[in-house]
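# Please work out how this folds:
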Amino acid sequence: MSGPDYPLSANLDAKNFTIDYLCFMDYFKKLLELLKIEREEDRQSYLKLTESTSVAERRANGIAWYPIAIRGSEMSRGDYLTVEVERTTHQDLSHQLRFGMPAVLFSNHEPKKDRVEGTITHQSGNRLKITLRTDELPDWSRDGKLGIDLLFDDNSYDEMQNALKSASSLEESTGEGRLMRILIGDKEPTFKPEIPFYAAPKLNESQQLAVSKILTANELAIVHGPPGTGKTTTLVEAIKALIKQDKKQILVVAPSNTAVDLLSEKLSDQGLNVLRVGNPARVSERLMSLTLDSKMTGHASMKEIKNLKKQANEFKNMAHKYKRSFGKSERDQRKALFDEAHRIMKDVGKAEQYIIDDLVSKAQVITATLVGANHYAVRNLKFDTVVIDEAGQALEPACWIPILKSQKVVLAGDHCQLSPTIKSGEAAKKGLATTLLEKCVSLHPESVVLLEEQYRMNESIMEYSSRVFYENKLKASASVAHHLLFEHDAPLLFIDTAGCGFDEKLEGTSSTNPEEASFLFKHLHMLVGELENQPGNKADNNLIANFPTIAVISPYKQQIHILKDQLLHAPLLQKYGNKISVNTIDSFQGQERDIVYISMVRSNPEGEIGFLSDIRRMNVAMTRARKKLVVIGDSATLSALPFYTGFISYAENLDAYKSAWEFAD
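Numbering: from 1, shown residues only. Okay, the predicted model is just below:
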C-alpha cells in the first residue's frame, strides 16, 4: 500500500543537487554563505539573551553559574591556569555549560572590568574546570561574589568554516578529494566485489545487509535506521567487522554528546579499545574510564608529571609572595620564579603530549562530537573510515570536519525524523536545513540500506509511519508486533476534540490548549484505573515498580508548562510520578515509552496548524510508543494537511477513532 500522494520534505530529487555542481567550489561557497547567515542569527540571539539582562536572568536561562566558589587551581598546557569551580546555590537549574565552550570568570563588583576569558575543559554535576587565558588568578577573584558566564561559541563556527574552506581546495587526486566529489554528487561511489555477505546470527537480514554494504564500500555507505530498527546494534557490529577486516583505527562521531556516549559504551562493551575525546554528557564510571583525562591519569608516566606540576606550583606560589610594588631585585626574583615555573610546565606539556600520543595510537576507536573531531589530541590524525551517527540531525558544515580526515564515510541516521536545529529561517529555507544524509540518500541510492525490522512498536502504531515515510517497508518483529498493555486493549487511539470548544490560545509566541490538557489527564486517569484493576495488580506490591512508563508530549513548549502543572494537581498520577515524563517532542527523539499521549494543541476555525506541518517531527512523536499511542487533537483543524487526514482515516479503519464527546461525564 502506498502512502498519501503529497510531497515529503525528506524525499529529494538528485537533479536538484547536481544542477549547481558545475563547479564544486560553488557548492562550498554557498554553504559558507549559509553558515555566515546562521552564525550572525545565532550571535544576535545570544546578544539578545545576554545584553541588558541581570545575572539572575542569565542563570535562569541556563547560560550562567552564579554564585560560584573556587575549589582549586593548577597550571595547565600553554602556561594557562585551570581553575575548578563549584556552583554553591541554584544547583537544580538546568544549564548549557559544556565541555569546549568559551566562558568568562567574572566578579559581581565590576563585571564589565573584572573578568577573564577561558574555555570549559571539564563539566560534571555542579563542578566544572575552566582554563583561563592567564597564568595566575587576578586579585579581584579573592573579593566579592564570582560567577561564570557562557560566551558566544565562535570556536564551533570557526571549525565549520575552516572545514568548508579546506574541502573546497581539495585535489581530486587525493582519497579525501575523491570522497568529497562523491558526497556532493560529482562522482559515483564504488564497491569491492570480492567480499562475501556478512553473516551474523544476532543480526536480522537487513542489518546484515547494512554491515555488508559498509564492508564493501570504498567511499560511502549509508545506514537508514527508522525508529526501533537497531541502528546502534548494526553500527557496533559493522565497526567491529571493519577493524577485523582492515586492522585500522576508526573515527566515530555524532552531533550530540549523548549519541557519542551511547556508542562509546556499546563499543567498549564489545571489547574494543575506545578513546572518548571530549567531556561526556552522562557521568558514569564506565564512561568516564574511556575518556582521555581518565586514561591519562592511569598512565604509567603520570607520576612524573604530577611531581613536575607540584614543583611548578611551588615556584608559582613562592613568586606570589612578592608584591608587585617591591623594588627591582624583588621583581627580578619574582620573574625568575615564574620563569622557572613556566620552564617546568613546558616539560609537563611535552610529557603529556607523549602520553596522549601513546593513548591515541593504541585506541582502536576514537569517539567524539563532530566539532570535537578537531580536539587537539586528534587534530592532525587521518583515518581510513569515519562513521557519522545521527547524521539526520547533523548540520552539514559540521560533518565536513571529520570527513576531511578520512577517505571513506559511513552515514547512519534517519532523515525522516528531526532535522538539525537552525536559528536562521533564511539559512534554513536556502538549504542549510537539508542534511548531507538527505542529499546522499537521494544522490546515491546504491549506497543505502534501509533497516526494515523494528523491535519497539505494536504493528498498529508502526504502520502509518511505515506507509508515509518508509515506502511501507517496515515490519514489526514477532516479539513486539502484537504486544499490548493488557488483553484486549487498543494499541492506537485518536481522540477527536472537534466541536468540544477546546480552542487554542496564544501565550507569547507559543500556542496552548488548557482544555485539551485537562481532557488528556482525565483520559490518562481512566487508563491508569484500568491498569490498576487488571487481575492480580491490586494484590501486587510491585505494581508501582512494574507500572508502564508514560510520556506526555506536545510540539508546543507553553503547552508543556500547562501539562506539567496539571500533572502536579493529579493525585492519582502522583504515586506514579517517576514513571511519567512530560516534555516536548524534540526532547524525546531516540527515546521510547510503553504509553505515549500526544497533545496536538491547534484548534481554530482558520485551519492554521503552524509547525505541526513539519511531519518529520510528528513521525518522531508517533513512533515513541511501544504498546499504546493516544493522539488528542481537533480533526477539523488538523485536516488542513493531508498527512493528518490520512492518519485520521487510518485510525478509523482500525476502529481506533473516538470523539471526545464519548468520554463526557
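
# Point out where this structure drops to low pLDDT.
1-24, 78, 173, 175, 283, 322-326, 538-542 (pLDDT under 70).

# Just the element for the closest residue to Q207 other than its chain neighbours, please.
Take Q207 and drop its neighbours on the chain: the residue closest to it by CB to CB, 6 or more residues apart in numbering is T234, 4.5 Å away. (Each C-beta comes from the backbone N, C-alpha and C, glycine too.) According to DSSP states H and E, T234 maps onto helix 231-246.

# Run through the neighbouring helices and strands of the next helix or strand after that helix.
Toward the C-terminus, helix 231-246 is succeeded by strand 250-254 as the next helix or strand (DSSP H and E). With contacts defined as 3 or more CB pairs under 8 Å, 6 or more residues apart in numbering; DSSP states H and E, strand 250-254 has these neighbours: helix 231-246, helix 257-269, strand 365-369, strand 383-388.

# Within its sheet, name the partner strands of strand 250-254 and how each one runs.
strand 365-369 (parallel), strand 383-388 (parallel) (DSSP bridges).

# Quick check: which of these is buried the most?
Greatest average neighbour count among the strands paired with strand 250-254 goes to strand 365-369 (a mean of 27), per mean count of other CB atoms under 10 Å.

# Taking helix 231-246 as reference, get the angle to that one.
Relative orientation of strand 365-369 versus helix 231-246 (axes from the mean of the first three to the mean of the last three CA atoms, to 10 degrees): 140 degrees.

# which other residues reach strand 365-369?
Residues outside strand 365-369 that contact it (CB atoms under 8 Å, 6 or more residues apart in numbering): 239, 243, 249-257, 260, 263-264, 267, 272-278, 290, 360, 375, 378, 381, 383, 402.

# max-length helix in this structure?
Longest helix in the chain by number of residues (criterion: DSSP state H): helix 328-362.

# Please, which helix or strand holds H109?
Using DSSP H and E, no helix or strand contains H109.

# Please give me every residue in contact with it.
Per CB under 8 Å, 6+ apart, neighbours of H109: 140, 143-144.

# re the thing from before, any chance of the helices and strands packed on strand 250-254 in CSV, plus distance to A490?
Listed next are the helices and strands packed on strand 250-254 as CSV, based on distance: least, CB to CB, whole Å:
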stretch, distance to A490
helix 231-246, 29
helix 257-269, 33
strand 365-369, 42
strand 383-388, 39
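
# where along the stretch 1-150 of the chain do the helices fall?
Here the stretch 1-150 of the chain has its helices, by DSSP state H, counting those that start in this stretch, at 14-18, 24-50, 55-60.

# quick one: which of the ones you listed is nearest E117?
When the helices of the stretch 1-150 of the chain are compared by CB to CB, helix 24-50 sits nearest E117, at 14.2 Å.

# give me phi/psi at the residue most central in space within the chain?
The centre of the chain sits closest to S256, judged by CA atoms, centre = their mean, with a distance of 3.0 Å. Note on S256: its backbone torsions stand at phi -110, psi 150 [degrees, to the nearest 10].

# Number the residues from 26 up from this point.
OK, 26 is where the count begins now, so the last one is S281.

# pretty sure it is in contact with A416, am I right?
No - counting by CB atoms under 8 Å, S281 stays clear of A416, with 11.9 Å between them.

# okay, the strands paired with strand 275-279 in a markdown table with distance to I634 next?
Converted to a markdown table, the strands paired with strand 275-279 look like this (distance: least, CB to CB, whole Å):
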| stretch | distance to I634 |
| --- | --- |
| strand 390-394 | 34 |
| strand 408-413 | 33 |
